[in-house]
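K.L.:
fold the following, please.
(chains A, B and C)
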Amino acid sequence: MRVTATVNGETHQIDDVWEGESLMYALRERMGLPGSKNACEQGECGSCTVYLDGVPVCSCLVAAGQAHERDIVTVEGLSDTGELHPVQQAYLEQGAVQCGFCTPGLLVATHDLLSRNPHPSDPQIREALAGNLCRCTGYEKILDAVRAAADRMDGGPA
Amino acid sequence: MTSIPLTSPQGAPSDTSSAADGRIGENALRPDGTLKVTGEFAYASDLWMDEMVWGTTVRSPHPHARIVSIDIGPALATPGVYAVLTAEDVPGANAVGLEHEDQPVLAETVVRYKGEPVAIVAADHPEIARQAAKKVVVEYDVLEAVTDARAALDPASVQLRPSGNVVRHLKVRKGEELPTAAVVVSLDFEVGMQDQAFLGPESGLAVPAEDGGVDLYVATQWLHVDQRQVCSALGLPPEKVRLSLSGVGGAFGGREDLSMHVHACLLAMHTNKPVKMVYNREESFYGHVHRHPATMSYEFGAEPDGMLVYGRAEILFDGGAYASSTGAVVGNGGTLGLGPYRFPNVHIDCYGVYTNNPPCGAMRGFGCVQAAFAHEALMDALAERVGVSPAAIRKLNGVREGDVNITGQVIDSAAPCEELVQILLDMPLPAERSGADLLSLPGGVANSTHGEGVVRGVGYALTYKNVGFSEGFDDYSTARVRLQVIGGEAVASVHTAAAEVGQGLITVEQQICRTELGVGRVVVHPKNTQVGSGGSTSASRQTYVTGGAVKAACEAVRARVLAAAAQVCGHTADDLALDGGKVVARSGEVVLDLAELLGDAELFADEGVEETVEWRHRPTEAVDPETGQGNAHVQYAFSAHRAVVDVDVDLGLVKVVALDTAQDVGKAINPDAVLGQIQGGSTQGMGLALMEEIVVKDGHIMNPSFTDYLIPTILDTPPMLIKILEYADPHAPYGVRGVGEPPTISSGPAVAAAIRQATGKALRRVPIRPEHITGT
Amino acid sequence: MKAFSYSRPDSVRDAVAGVAADREAKFLAGGTNLVDLMRLGVERPDALIDVRHLLGHDIEPTADGGLLVGSGVANSDLAVDPRVRQAYPVLSQALLSGASGQLRNAATVGGNLLQRTRCVYFQDVTKPCNKRQPGSGCPAREGSHRDLGILGTSEACIATHPSDMAVALAAVDATVHLTGPGGERTVRLEQLYRLPGDDPSRDTTLEHAELITAVQLPPPSALYRSSRYRKVRDRASFAFAVGSIAAAMVIDDGLVREVRIAFGAVAPRPWRAHTAEDALRGQPADAADFAAAIAAELELAEPLRDNAFKVDLTRRMGAAVLTELAEAQQQGSGR
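P.N.:
As a prediction, the model looks like this:
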């Protein structure tokens, strides 16, 4: 079967989708967008989080066919200005990135959180990011990054 | 035969460079950080090449069986399949391993654990490869499996190796054989099997080369030890097996042993196509070694005031089916297994055994993590018996600089046990629970409890860890540093084979170059075998050892540059230094512009000044096999934790409220990165205390997924207060002390201690489950 | 690769007809469970009939004042619906205690009800499992069963149902709307599930090609407003329950006027504790009686070596949540 989807504003088309093929596989191996990461392939780690029609989901648990005629934004599409998005900049500057494998999913989840709630409390940050596993950082600097991104997007502390 | 494209794969490693500030002691940013936040950083699983095919592995379904026959016919006949290979197709030695070459690349006659590779398949699509793998027909004659380490130790049990079931038995003996003491405490402790749970699965791409060799792009911890084993298995010389480090998604010890390395190379050479292999999470659980589960019996004797008189311990590590690094883990368990305390008399037996369980090997903390749970529980028991606080018993007995430790080695740099504990005591405790916010309660948003049965507990732990490879190992690293003019600017470049796995070594390499050569821009070349070995990214050693090598190479480069400068300017070389892209005199006077100096064709060739240095730390020595005595370790790194927990004693739920650390790091080359190591390491230790265990039943892993193998989420992980001490080790470059492992060792025992304090339960096993706390 | 099709029919009727015509076809909605099971090889459909776009995505009031929840409503949307939070807090709490934000965004109400068990033997196609492969045996009784059932199990199967939401729905007397080749029907949520008995292969009473179209919540009442969900799991988020409780209770003049209790993670279906409810109804609202009533329900339990702790855990959780509900009402009434 053929799947046509809009990814990061561009139309992508793939053919011969196979049984069990996920949106994550399609993005990574067929559309040249490996930014979404393959850590668990069971929806447990959040590393493959993408926006699907504006809602963050684990792309590993979306059947490729389900992406047909839908709108997807991946980590590669978070910034369309050529500059880093404030969320990306904050993760970089706050040391929230070590191995970085969880980072793409966390960036999408953080981007979503701050678009819904520009001034999240620490418990709200924790709840919002509870679907993203990180094995390197112990999450402290991820919290720092989310706080910093919130400040940056707001032009200063709330 | 199709010709091989000579282009390198998409996602092949390339130079990383940054001109940002950041010398030693400053918070320089990662040079790969921008790529990582844009999704462009290429991990090994992202590699891609035209005409590449996909490899997959056929694994044993049995923990122990004889292979009667293998029929690859149906698999090979599957459309899209390029190759199906078995042990017969291994051209070189079908035996690899870190310490003992006891593990076949592909099982020949016997499989010794569930998940052992038996055959490999290459196909033009990963799903076709997986389906074809299921068609490889292997007939097994199932053998009795040894799945209990204690039973394996019994000479009457099935012997899995001609040499028996014992990989290593280390005895440590000091002082009297049978000392007596006024106060005696003892306990048994058990630690479950922990997984490294790095997020980036094992993966790599092997590309056949026109010279009959192979290029392997892979996520690993030590390129050269991989290269040695791949060469041996392929029957090729090192110059024909070239390894490059691809992006690594965490390691924590789990990438020390080979996984898909030889398999991908075999398939690539057989098909003459690039072969990519990517494990999924389940296969990853079978595809790498784990932290050894341990059973331990401990007894401490002390004076009535709590001063230790003797320590006795029996430590049993289940090494699983292959040796991996079990021998060295036993070395650490034995030599460090009583913790950082003064013991006049010692009697330790530490064993590592073969079983038919999944192989165990390196994981962050390496043999010290398991023992720490036992010795710290026992220190608390001793404190209680003699009526002093947990902090006091540790301060009383902690080793000090100049002490002779239990293996007869003088601790010849800072050993600030007392101060570390005092720092924790002086840190503010978290506020009492308010009760208003569900997220602050055990169980969090699951509304598990409203605080009815919640009790707070506080626990302490003090531990230490050896840094670098021990027991006489020739532990070194190689660095090639060049200083040249690029675009009118003096630029340093650094080339080592030391693996960057996320910890930030490449940042440290840049900081050292900036500090030593006084430049801004530093290019880090890809890590590969085109330069000498960097040694393993293990044992908290890279900043020390590769940092030492980079520093030494910089010094060699600088000496040449300053010698040339001296010729030109009339100062003596000794009076000159490099700073801010200039040659400066000690007086502060700017003498020459560095770029101009380097551009002087009379003095330097176009490629500037380059030096390659192989650098070694102080030698260590093997310990006496009967007494364990000897200068086994090069450096000790100390850390202490305080955990504060709220425990719902009715439901068995634990909420870690605070997890505070005091650690001596010698010198914080990059303070932010040090904090990151401590925060991450503490979280892994906490995970083992509370939730992480690979459940093995009859040799089968019952939870090979992130659904069932749980690691801490952001909701499980508390805020952390961290205090860093910087007591320089005079023997180490910049005085550094390894950072990565100590927090993983002391955090778990502190959490366990806090739960014991809250509940009054003995809790002699980790991870501590709800049912252990409720007792039913 | 196995021949495989994916389709997006234009109507529920066409979708049902499509699945009815093919024993190996499956409905697909959010995909969070089915896509995973396909990857594991547990499910091998030859056709996926995507119904996500066909299912109701709205939560609408019913004539009697209740709510009709379209089966395509995302778990995250149901959890935050103000009417649900106010009138059926147990449901909102159960949803938020399950999975993660990303999964709740993708998972639908219908799909949540039809999740398959997390029993490790079911998930591992190399192992015997009577549910996955009838007659192959059940190694869980002797093997790894710490997370498995103590109520309603059989010799053939001790699997538990993993849903949190379904436990809450059982406690608020939800009904399920179905459409299939034979037309439309409704069943009480409890009746949606069957106990394994000799045939664990079927989790539900659904016929092949029957599709869940909606879940109906009864009219709001003091009972449902006074409801809670509690869950014990091995970490603070994103883990299946080790045990859970959904409870609703109204107290009048110190007596339990009405009560609903459902246990999760202990049985092949959300376990309505009718014995406990009967024991409490009309009796004084007393903490000791709460524990005794829950204990009476658990008399039926047949725990095994490694899951016996679930009996006490469930009893303690049940007593605690009922006590909490009672105290809340006493405070609320000013006493």
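K.L.:
how about C:S5: what's its closest non-neighbour residue?
P.N.:
Of all residues not flanking C:S5 in the chain, C:A47 sits nearest, at 4.6 Å (C-beta to C-beta, 6 or more residues apart in numbering or on different chains). From N, CA and C alone the C-beta is placed, and that goes for glycine too.
K.L.:
pretty sure that neighbour contacts C:S7?
P.N.:
Yes. Using C-beta atoms under 8 Å, C:A47 is in contact with C:S7, at 7.0 Å.
K.L.:
list the residues that contact both of these two?
P.N.:
Counting by C-beta atoms under 8 Å, 6 or more residues apart in numbering or on different chains, the contacts common to C:A47 and C:S7 are C:G18.
K.L.:
give me the more crowded residue out of these two.
P.N.:
C:A47 (18 against 15; other C-beta atoms under 10 Å in any protein chain shown).
K.L.:
for that one, give its distance to chain B.
P.N.:
In this view, C:A47 and chain B are 17 Å apart by C-beta to the nearest C-beta, to the nearest Å.
K.L.:
element containing B:A752?
P.N.:
Here B:A752, judged by DSSP states H and E, is contained in helix B:742-759.
K.L.:
got a list of contacts for the next helix or strand after that helix?
P.N.:
Of the helices and strands lying after helix B:742-759 in sequence (DSSP H and E), the nearest is strand B:765-766. Around strand B:765-766, the neighbours that count as contacts under C-beta under 8 Å, 6+ apart are B:F189, B:E190, B:V191, B:G192, B:F373, B:L688, B:A689, B:L690, B:G748, B:A752, B:H772.
K.L.:
got a winner among those for most neighbours?
P.N.:
With neighbours taken as other C-beta under 10 Å, the top of these is B:G748, carrying 34 neighbours.
K.L.:
that one touches B:F373, doesn't it?
P.N.:
Yes. Assessed by C-beta under 8 Å, B:G748 is found in contact with B:F373 at 6.4 Å.
K.L.:
give me the common contacts of these two.
P.N.:
B:A689, B:V766.
K.L.:
what mean pLDDT does stretch B:693-710 have?
P.N.:
For stretch B:693-710, the mean pLDDT works out to 97.
K.L.:
make that stretch B:89-106, sorry
P.N.:
97.
K.L.:
which residues touch it?
P.N.:
B:85-87, B:108, B:117-120, B:161, B:167, B:225, B:229, B:231-236, B:256-258, B:262-263, B:266, B:270, B:321-328, B:359, B:361.
K.L.:
and the residue of chain C closest to chain A?
P.N.:
Closest to chain A within chain C is C:S100: 2.5 Å, counting by C-beta to the nearest C-beta.
K.L.:
wait, what's in contact with the most centrally placed residue in chain A?
P.N.:
A centroid search over chain A (C-alpha atoms, centre = their mean) returns A:V108, at 3.0 Å, as the residue closest to the centre. Residues in contact with A:V108 (C-beta under 8 Å, 6+ apart) are A:T49, A:V50, A:Y51, A:P56, A:V73, A:T74, A:V75, A:L78.
K.L.:
buried only: go through the residues you listed for me.
P.N.:
With burial judged by 16 or more other C-beta atoms under 10 Å in any protein chain shown, the buried subset of the contacts of A:V108 is A:T49, A:V50, A:Y51, A:P56, A:V73, A:T74, A:V75, A:L78.
K.L.:
what's across from the first one in the sheet?
P.N.:
In this structure, A:T49 has beta-bridge partners A:C58, where bridges are defined by DSSP bridges.
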